[in-house]
Structure formats: structure tokens, C-alpha cells
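Q: next one to model:
(2 chains)
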Amino acid sequence: MRTNGSTRAALRISLASLRAHRRRFAGTFTAVLLGVAFLAGTLVMGDTLRASFDSMFGSATSGTDAVVRSDSVITTADDAMGTRRPLRTDSVLRAVEQVPGVAAAEPGVQGAGQLVGSDGEPVGGQGPPTLAGNWMQDDQLNPYELAEGRAPRAHGEVVVNRGAAESGGLKIGDTTTLRTPDPLQVKVVGLATFGGEDGMAQTTFTGMTRADAERYLMPERGMAASISVRAADGTSQEELARALDAALPGGIEAITGQEAAEENLDNLSGQFLTLFTSMLLVFSGIALLVAVFSIYNTFAIVVAQRARENALLRALGAARRQVLAATLTEAAAVGLAASVAGLGAGVGIAAGLQALFPAIGFPFPEGPLVVGAVSMLLPLGVGVLVCLGSALLPAVRAGRTAPLAALRETAAETARISRGRVSAGVLLGAGGLATAAFGAGAGDPSVPLTATGAVAVLAAFLVLGPAAAVFAVRALGGPVARLRGLTGALAQRNALRSPKRTAATATALMIGVAVVSLFTVFASSLKATMDETVARNFAGDVAVSTPGFGAGGSGLSPGLAPAVEKLPEVDTALGLGRGVARVEGSGRELTVADPARLPRVMNLGAVQGSLDGLGGDGLAVSADQAEDHGWQPGSTVELAFTDGQKQRFTVRAVYGTSELTGDYVITPEAWRPHRTQDSDSLLAVTFADGVSQGEGKAAVEQVAERYGSPEVQTRDAYAQSAAGGIDMMLTLVYALLALAVLIALLGIANTLTLALHERTRELGLLRSVGQTRGQLRSMVRWESVLVAAFGTVGGLGLGGFLGWALVKAADSRGTSVFTLPPLQLAVVALVGVAAGLAAGWRPARRAARLDVLRAIATE
Amino acid sequence: MTATVTGQPAAARVTDAVKVYGSGETEVRALDGVTIGFPAGRFTAIMGPSGSGKSTLMHCAAGLDTLTSGEAHIGGTELGALSDNRLTLLRRERVGFVFQAFNLLPTLTVAENITLPQDLAGSRPDPEWTDALIDVVGLRDRLRHRPAELSGGQQQRVAVARALAGRPDVVFADEPTGNLDSRSGEEVLGLLGSAVRRMDRTVVMVTHDPVAAAHADEVVFLADGRLAGRMAAPTAERVLDALKAYDRKEAGS
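A: Numbering: from 1, shown residues only, chains lettered A, B, ... in the order given. Here you go, the predicted structure:
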């Protein structure tokens, strides 16, 4: 009963104080709201996407009850889907049809095929696969449905999924090129949908006759990737799969249609859904972390300002616990209200994205938003916990208020920085720097060691914050004071008043800026590394490259290299293909090229043994792999191919530089028996003596036109395209980080507002002895800019260091380049300072509007 | 009753000053038609019971507040016509202030506080004058100190120095001794007095303390927002008697 009463008292006090000081918590409220909204929006969007894809795949593949395929699949580190061995269609189909319970069965031929749009540009190929296959005759087995037109009947006729047709500007009756990768003239005769949608996400699909598909997508006729089976009435998917499994020869497996759909879905979501949502989650985490500092600061200041009020409560008999509870209750109330509002905003964000995505060409399937319990409860809990956690320290401090403080004039906060804090910070920082530098150092970088060091440095930044704030504001404020006279000096000293407060405010911005600079530095280093890799590895004059199958696109026609080499301007044109094999148990990518001619277009570094005459059983390997496996020229290695064959190869050469060439090189002759769809992934060309860059490139382009017009790139352009996706990724990252910077900005504005409130009388005095409104505004804005500049400089330093550590730690070969892009970092610095200016705007205006007399009279 | 300008021209004056706060039922007439001039080179004290309008009169005369009707002049400048900005500039160039408490900026040193108005104006303080002032207020050894390191009396002396630093037309002091013990109070009042007598400054002081008022050349009494009387060459006893008389009148009415 008593506890109940005292709790109620604490609740009453805190709610009354909340009502009285609503404005003080506006910043806290907004920070929590934004963080929670982002988190909830991410979760709802993830759930909705997943559910939409589920239903899309469900309806598309509902007619397929089982899928028969080879159980031989080789996955590599870069390609989790793997390369699966094709089936001999006729024999397997015959076996399948004899199994009881099978109502229909049809082979599915599948490979890569990239359409060229009406504007001559390839359709898709920027990530999602560009698929081609046979248009299945059985409507129920075919996951695609004919939406318009008719099925392909003759050679060269194709059905295209509607999404691909739209983005390529293709209509029924149009003729275009399909790169398989050999250019094939096709005529669009029909448009298809997948599960009611315009396509399977952004994947493009071209359906052709089975004869065409076998001819262009398979190594030889009569083969297929899998066989789709429909069950007779009364036979379940599981029964059918079991029966098929039992009847089929070894090496061939049957899975249920359900499993096949899930696998497809997993591949799709594994590729971008998971990546996308986890990236969003990381950014909402950063946003909430930034919010923590803003909230902590708000409560710390409010508690300090309320010291006399709390002391009075204590003097009147309030227990320490009650004062603490009152503050925490306040935090919980703000957190709860803001989180609930945030949930609403989060659902709004998800709905907005659902509407926005199709507009930018990303198919977000229609359908109701999936608002699950987890996507609501988790952000709600996180929001309230963040608020409570941030307010805990200030609340404990409030509870410790001595009753006597009511009678004293108390300073808002102690400004002193303890020596212990500085020593601890310096030790932590030095230790962290040393650990990270050692971990990232040349030789054998260690990611855990570097990470530990980086975390220690981060902690040191927090511990040293107040001391650093004093130092930084003195240094940065010097020029301001000289430039702006007394106004600048006042701004500087105000920023120095409570170093802890300044540090906590700036830390929020510092984290935002640090992450931005980390990504900036990392991306530019990655690009510089690519540049240097190409410079070091590529000995040719021009390159023709397309993304491989896994990354969309369909590679280059194998016919291109010989055609280019016939040009009089060209000395050597070498096509590099890609293959896979299992080497000592793990899947590896093979480079299929003539090793004897490789040194003419690639720098291979030091070569042991001979690259000539590798023949059908010779292998060239990189020095790294040779060292790992203990090989040297003369060693024998067994390679297992997707077709189930195993073959012993002799290592004939070991080469030093392998970033572009890859770790294993075999001859086309050795690869041919095991090949899948023929394609080259890179064509490297050197010109004959005396041929200019322009002439040579024009000549190669002319030939390339006949092979679907793949882009011919100079060395620089090739290096840039190799680093192509980085800029796009960076833009997205910046957009997401803008949220964290916005929250930090709110934090600065809020702290400033609270501090100005504290200094009301001072402002009144300044105004009465002759400070103009303009001078007052300028003083407040400069203070804000100084705090922001401190945060920005700290963030740049921290981000730069973390970027360096990341680049070095991830670089086991010692070939990475670390660069600090001056222009981009200058922009980041400018944005940080501008954020300070923006944050100071409103508080400055409000402070300038103060009534002078009332300000002087304020207690 | 009307105020007569005694000999000297007025450094500051108000004419038919009316100040009304609020409206309707909560309307308060803080000043109800006051006309008075504060002669240059004189030390004038304004007295009156709480709510008599003495602080309002000072604030309006000093350009910190605006009149509802009537005119206020500093020298030859009419304040009602000035924008907030012009008013601010006028305050920092031609008016000095000493408040009851919180006169100094805690982040500035004593020296910086003294020259604050000139620094805000971006003008160079007159070093001789500032120097002389520092000696008069006796704070030479405290120039680099922060206000928090000074006693209340020392702080008020700094405030007086600040108010005089720009050689303003008039210094307004609002209960400058209200927070001080009697000895420190005497020192501050002595300073204000010698500023008038030795440095030829003009001081207008609001106070409720007859002892403080006795330092002035003349005391002006306010009651209910109107001028109630004036007394030349005041002593503490006479001021106290006069105040009692006004109190009685008020109780009787």
C-alpha cells in the first residue's frame, strides 16, 4: 500500500514535470521517433517483401509437384547457388514417366540470355540474373503464364517476361538480339507474367522453343537443367518425390515442388532481401546509437537544471529511490509515446516505399503490408529501452541530489575533467591504436585484433570526449574569436562551459560523420585498389568485359575473340572463360584460357615452370594456392567437374599475380568435355605495333557490334567498371546515414535550447547592455557551429582511422591501397559544419526573441 | 504634480508616461501619466512602495521597455520612435546599467566584463578612462578573475565600472545594493555618488532602502503609478518619514 502510494507520487511528479517542460523533450521525442520508425519500417518492409515473394512463388510454381535434377552441384565462395550438372533429357524423362503417380513431366532447359532493348542497350544484368530457357508446353508446369500473344513455335521466336519487355521497350512483333552469349536474332511473340507479377523480382526471362534452348544454352543437344513433374490426382508432393527418387538412377535426385520454390526464393532473398534488410537494420542501429547520446544529454541537462527542485523534494522527505523513479518514469513516458508514434511512422515508411519502389523500377509486389507482432514489439521495446538506458545515469545522479542543494546556488554541472578520466582515455586510445595498427599491419592482418583495437579507440574517443572538447573548441574557436570579435569569443566560451555536455552533443554527430567517412574512405580505397589491380595485372590495350552469369548478363560470345584477333590492328585477343571444379573438396573458379598466350595480355608476375603446352591435363595455379596446398610444378591435382568426372591434372606452372587472372588456369581443350554454356567473361586485347588507341578501339568495336555490342573499354574504363557498383552503393549508404546526421542535428539543437534556457538571465543582461538581436543570433549559431565542427573533426579522424583499419585488416594479400579522398572528405566536413549552422538556427532565433526585461528577472 | 527641471538640462526624461500591462479585468496601470526629468550631473533616487511603478519607470526611461503612451527621451532622442535595433545601439552607447544581481557574464573576466558594451559595439575603449575607473572601483588586482571568484560587493563594483566605462549619458541602477550587506552596499553607493560628483556623470537609482536613497541629490517618490513627491538633499530619516506618510495615505484611501 505504501509502496503503491509512493510510486504513485513519483508518477504524479514526473508526469507533472513532463507537462510543464514539454518543449525540453521535443528533441528526445523526435530522436526516438525517427529511430523507431526506421527500425519498424525496415521490419515491416522485410516481412512484406518476403510474404509477397512467398505468395508469388507459391502461385507461380503451384503446378509443379516435383523437380528432378542432378545431385552434383559445385558451389564456390562467390556463387552460393552453384553450378549443377545438366541431365540427359531423354533417358531421365523416360524413367520419370514410368513412375506411378506422374501425370506430366517436361524438361526445363535453363541458362543465361540477355536481351538487347530497342535502344541497343542490354536489358538488366546489373545484379539480378538474366535467364533464358525453354517455354514449357504444359501450362501448369510452366511457372510463367502467357499474358499476351502466343507461345514460341518456331526457331527464333521468344516469350519475354513483361517487366523485361517494358524496361527494354520491346513489344510483340519486335525483333531484337538475345545474347546467349552468341548473338541470336529473336522475335518477340508473347509476353509472360510470373505469379501474377511482371517478373520474378528484377530477373529477366526469355522463353524459347526447346530446340533453340538446347542448342544455345546447353553444351549439347538433348540435355536439360531439370525436369518438372506434375502428380496425378491423389498423389502428394512427398509421395511423388519419394517414388521418383526410388526409381531414378544414382546421381539424380527428386525434390518436391515446395522445396524447389523455397530454394528459389532463398536464392533470391539470399541475394538481396537479406542484404537489403540487414543493411537497413544496421543503419537503424546507428541512428538509435546516435539517439542515445542526444537523449542522455537531454536528461543530464534537465536533471542538472532541476537540481534545486529535486533537492527540495528530498528535503521534504522524498526517498532517493522516488526521485530516481520520477526521472525514469519521465524517460519511460517519453520513450513510450515516441515509440508508439514511431511505429505509426514506420508503417507509413513501409507503405511509402511500397508505393515508391515500382516508380524507380524495383518491383515491390502489391499486397497488404505485413505488420507482424515482432516488427511492432521489437522497435517498441528498443525505443523504450534506449530512452530508459540513456536516462539511467542522469536519473541516478538526480537521486543522489543532497537535500541541502535546495538551499545553495548550485552550478548546473561540474565542468572539471578528472585526471583519471584523461589518463584512462589516453591509455585506452594508445592501446587501441597500437592493437589496431598491429592487427592491420603488413604481413598477416588479423581481423579480430584490428576490430578489438578499433573498439578500444572508439571507447577512448568517448572517454576523452570532454577533454578533447576543451582542446578542440579552443583550437577551432580561436579563429572564430579573431574573426567575429566578442561574439565569437562568447560563442567559444559558451561551448567550453560544460565540456561533458559539449562532448556528448558532439559525439552524436561524430558517430554519424565517422560512419560516413568510414564508407567514403573504404569506397575510395576499394576503387584505388581496383585501379591498381588493373594497372598491375592487365597488360592489354582494351578489354571487353561483362558480368558473369551469377551477376546477371550472359558473358561474351566465344566467337568474339577469334574474330577480333583477325583484325590487322590487333596483335593478341584472348578470351578468358569461367569454369568450376572441386579441388581437394572445395569448389573453385577456373579460368579457361590459353595459358601460353596469357602473358601477352596479363601480367602474371614471376612464373615457375612453363605456361606452354599445358594440353588436356596441364594446370597453371597461382603462387598463393600453390603455397596453401604445397604444390610445385610437377605436382598432380585431382579436379572434380560438375559432370561427375574426375581428372588428374599436372601443375605445370605457378604464377605470382592472380587478381584478374584467377587462381587456376586450364586450357579450353581441357575444359571442353566438362563445359556448360559456352561464354567468355573477359576479352583482353593488345594492339599491333604502331596502332593508336583510338584506331584499335574503333576496329574492335566494329567487330563487337556483330556479337551483341558488348562495351569495349580502355584500361581506365575497365578499371572503373570493375569498381562500378561502389558509387551506387555509396549513394544509398549516404541517404541512409542522413537519418543519423539528422538525429545528431536535433541533439545539438536540443542541447542548445536547454543551455540557452539555463542562460536566460545572461542573455537578458547582454541584450540590456547593448547586444543586438543579430549579435545574439550570431553568438548562438557560432556556438552550434563550434560544437558541430568538433564532432565533425572527431568523426573524420575516427572514420579515417577505422577506414584504414578496415582496408588493411581485410587485405590478406597485402595488395590493397588506402587512400583518403580529399574532395569527398572536404564535402563531409562542410556538411558537418553546415549541420551545426542549421542546428543553431531555431535556438538562435528563439533566444533572440527573448523579452529583455523578463529575461533579467528570471530566477 | 509636475516635475520641474532644476537648472541643468535633463539627461533622461519621460512625458505623460503611461504603461498598461494586460487588458480587461487583469489590466494594471503601472505608470499613470508620469512626467519627470532626470537632470544631468545629478544623482536621483526613485522610491515608492512595491507596485508603485518605480521599476517600470526606470525600465521605460532606459529603453528596456516601451511606453503604452507618452514619450521617453534620452538626451534629445525620443525612444518610442526607435526600432529594437536602434534602441539596443542607444543602450550600449548612451546608457549604463547596474542591476540588483547577475550583472556579469560568468564566462568573461573582470576586465572583459567592464568593456563589454564597447566590445559589443566593436569600438575601442578609452584606455585612460578605463584605467581610472579600475582604480576608482579598486579592482586592479582582480582584472583577470572570473565573476565567480569575486564577492557580491566586488561583483557590483565591477558592474558600476562597466556601467560607467562607455561614459554614458545616464546610468540606471535597479536596487544595486539589494543583495549586499551594509558595508558592501555603502561602497557601491559611494562609487555611484563619486561618479556623479567627481566624474560629472548622471545616475538614476531605484531603491526601497532609505539609507541608499540618502546618497542621492534628490529623491522622487512614486505611488500607484503617479509621481507622489520629491525631496532634495535627502537624509535617511526624512526619507523614511516620507515613505511612512505615503503608506498611511494609501492605507487611508
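Q: which pLDDT value belongs to residue A:781?
A: In the prediction, the pLDDT value recorded for residue A:781 is 90.
Q: quick check: next helix or strand after the helix or strand containing residue A:766?
A: For residue A:766, the element it lies in under DSSP states H and E is helix A:760-768. Towards the C-terminus, the helix or strand next in line after helix A:760-768, according to DSSP H and E, is helix A:773-809.
Q: which secondary structure elements does that next one contact?
A: Judged by 3 or more CB pairs under 8 Å, 6 or more residues apart in numbering or on different chains; DSSP states H and E, helix A:773-809 is in contact with helix A:419-440, helix A:447-497, helix A:499-537, helix A:725-758, helix A:760-768, helix A:822-848, helix B:84-94. Every C-beta, even on glycine, is put in place using the N, C-alpha and C of the backbone.
Q: tell me which residues are up against the first one.
A: Judged by CB atoms under 8 Å, 6 or more residues apart in numbering or on different chains, the contacts made with helix A:419-440 from elsewhere in the structure are A:445-461, A:463-464, A:466-467, A:801, A:804-805, A:807-809.
Q: if you set the cut-off to 6 Å instead, what comes out?
A: Contacting residues not belonging to helix A:419-440 are listed as A:446, A:449-450, A:452-454, A:456-457, A:459-460, A:463-464, A:467, A:805, A:808-809 [CB atoms under 6 Å, 6 or more residues apart in numbering or on different chains].
Q: what's the closest of the residues you listed to residue A:189?
A: residue A:809 (54.2 Å; CB to CB).
Q: quick one: the nearest residue to the closest one once chain neighbours are set aside and chain B, what's the gap?
A: Taking CB to CB, 6 or more residues apart in numbering or on different chains, and ignoring the residues beside it in sequence, residue A:809 has residue A:450 as its nearest neighbour in space, at 3.8 Å. Taking CB to the nearest CB, to the nearest Å as the measure, residue A:450 and chain B are separated by 43 Å.
Q: what is the burial count for residue A:450?
A: When neighbours are counted by other CB atoms under 10 Å in any protein chain shown, residue A:450 registers 24.
Q: how about residue A:115, secondary structure?
A: Taking DSSP: H, G, I helix; E, B strand; the rest coil as the rule, one finds residue A:115 in the strand state.
Q: contacting residues for the spatially closest residue to residue A:579 that is not a sequence neighbour?
A: Take residue A:579 and drop its neighbours on the chain: the residue closest to it by CB to CB, 6+ apart is residue A:590, 4.0 Å away. Under the criterion of CB under 6 Å, 6+ apart, the contact list for residue A:590 reads A:579, A:581, A:664, A:666.
Q: go through those residues and name the one nearest chain B.
A: Closest to chain B out of those is residue A:664 (70.0 Å), distances taken as CB to the nearest CB.
Q: wouldn't residue A:33 be in contact with residue A:340 here?
A: No: look at residue A:33 against residue A:340 with CB atoms under 6 Å: they stay out of range, at 9.2 Å.
Q: who's more crowded, the two?
A: The residue with more neighbours, out of residue A:33 and residue A:340, is residue A:33; 23 against 16, by other CB under 10 Å.
Q: pretty sure the more buried one sits in a helix.
A: Yes: according to three-state DSSP, residue A:33 belongs to a helix.
Q: quickly find the element holding residue A:544.
A: Here residue A:544 is assigned to strand A:542-545, by DSSP H and E.
Q: now the following helix or strand past that strand: buried residues?
A: Tracing the chain past strand A:542-545, the next element assigned as helix or strand by DSSP H and E is helix A:560-565. Within helix A:560-565, the residues scored as buried using 16 or more other CB atoms under 10 Å in any protein chain shown are A:560, A:561, A:563, A:564, A:565.
Q: now those residues as JSON lines including distance to chain B?
A: Written out in JSON lines, the entries for these read as follows (distance: CB to the nearest CB, whole Å):
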{"residue": "A:560", "distance to chain B": "74"}
{"residue": "A:561", "distance to chain B": "75"}
{"residue": "A:563", "distance to chain B": "78"}
{"residue": "A:564", "distance to chain B": "74"}
{"residue": "A:565", "distance to chain B": "78"}
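Q: before we move on, back to that, just the CA coordinates for the helix holding residue A:766, please, in PDB.
A: What follows is the C-alpha trace of helix A:760-768 in PDB, where atoms were taken according to Å, rounded to 0.1, in the frame of the first residue of the first chain:
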ATOM      1  CA  THR A 760      18.200  33.300 -19.900                       C
ATOM      2  CA  ARG A 761      19.400  35.900 -17.400                       C
ATOM      3  CA  GLU A 762      22.700  36.200 -19.100                       C
ATOM      4  CA  LEU A 763      21.100  36.800 -22.400                       C
ATOM      5  CA  GLY A 764      18.900  39.400 -20.800                       C
ATOM      6  CA  LEU A 765      22.000  41.100 -19.400                       C
ATOM      7  CA  LEU A 766      23.800  41.000 -22.700                       C
ATOM      8  CA  ARG A 767      20.800  42.400 -24.500                       C
ATOM      9  CA  SER A 768      20.300  45.200 -22.000                       C
END
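Q: on that earlier part again, average pLDDT for the strand holding residue A:544, rounded please.
A: Regarding strand A:542-545, the rounded mean pLDDT is 84.
Q: now do it: distance to the chain's middle.
A: If you compare the mean C-alpha spot of strand A:542-545 with that of the full chain, they lie 28 Å apart, counting by CA atoms, centre = their mean, to the nearest Å.
Q: stretch A:563-572 too?
A: 41 Å.
Q: using PDB, list the CA coordinates for it.
A: Output in PDB follows, covering the C-alpha atoms of stretch A:563-572 (Å, rounded to 0.1, in the frame of the first residue of the first chain):
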ATOM      1  CA  ALA A 563      37.000 -12.600 -84.800                       C
ATOM      2  CA  VAL A 564      38.800  -9.700 -83.100                       C
ATOM      3  CA  GLU A 565      42.200 -11.500 -83.500                       C
ATOM      4  CA  LYS A 566      41.700 -11.500 -87.200                       C
ATOM      5  CA  LEU A 567      41.800  -7.700 -87.300                       C
ATOM      6  CA  PRO A 568      45.100  -6.300 -88.700                       C
ATOM      7  CA  GLU A 569      45.200  -3.700 -85.800                       C
ATOM      8  CA  VAL A 570      45.200  -6.500 -83.200                       C
ATOM      9  CA  ASP A 571      48.200  -8.400 -82.000                       C
ATOM     10  CA  THR A 572      46.600 -10.700 -79.500                       C
END
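Q: which residue comes closest to residue 169 once chain neighbours are left out?
A: The chain I'm using is chain A. Nearest to residue A:169 is residue A:118, by CB to CB, 6+ apart, at 3.9 Å.
Q: should've been chain B
A: Nearest-residue entry for residue B:169: residue B:94, 4.5 Å, with adjacent residues in sequence omitted and distances by CB to CB, 6+ apart.
Q: run through the residues that contact that neighbour.
A: For residue B:94, the contact set (CB under 6 Å, 6+ apart) comprises B:74, B:168, B:169.
Q: need the three-state assignment for the nearest residue to the first one once chain neighbours are set aside.
A: Computed as CB to CB, 6+ apart, the closest residue to residue B:74 that is not its neighbour in sequence is residue B:12, at 5.1 Å. For residue B:12, the secondary structure call by three-state DSSP comes out as strand.
Q: isn't residue B:12 right up against residue B:76?
A: No: proximity of residue B:12 to residue B:76 does not meet the contact threshold set by CB under 6 Å, at 10.9 Å.
Q: out of those two, which sits in the busier spot?
A: The neighbour comparison of residue B:12 against residue B:76 (other CB under 10 Å) goes to residue B:12, with 27 against 8.
Q: please report the distance of the more buried one from chain A.
A: According to CB to the nearest CB, residue B:12 and chain A sit 15 Å apart.
Q: residues contacting that residue?
A: With contacts defined as CB under 6 Å, 6+ apart, residue B:12 is in contact with B:38, B:61, B:74, B:170.
Q: switch to 7 Å and redo it
A: By CB atoms under 7 Å, 6 or more residues apart in numbering or on different chains, residue B:12 lies in contact with B:38, B:61, B:73, B:74, B:170, B:204.
Q: neighbours around residue A:339, how many?
A: By the measure other CB under 10 Å, the count of residues near residue A:339 is 29.
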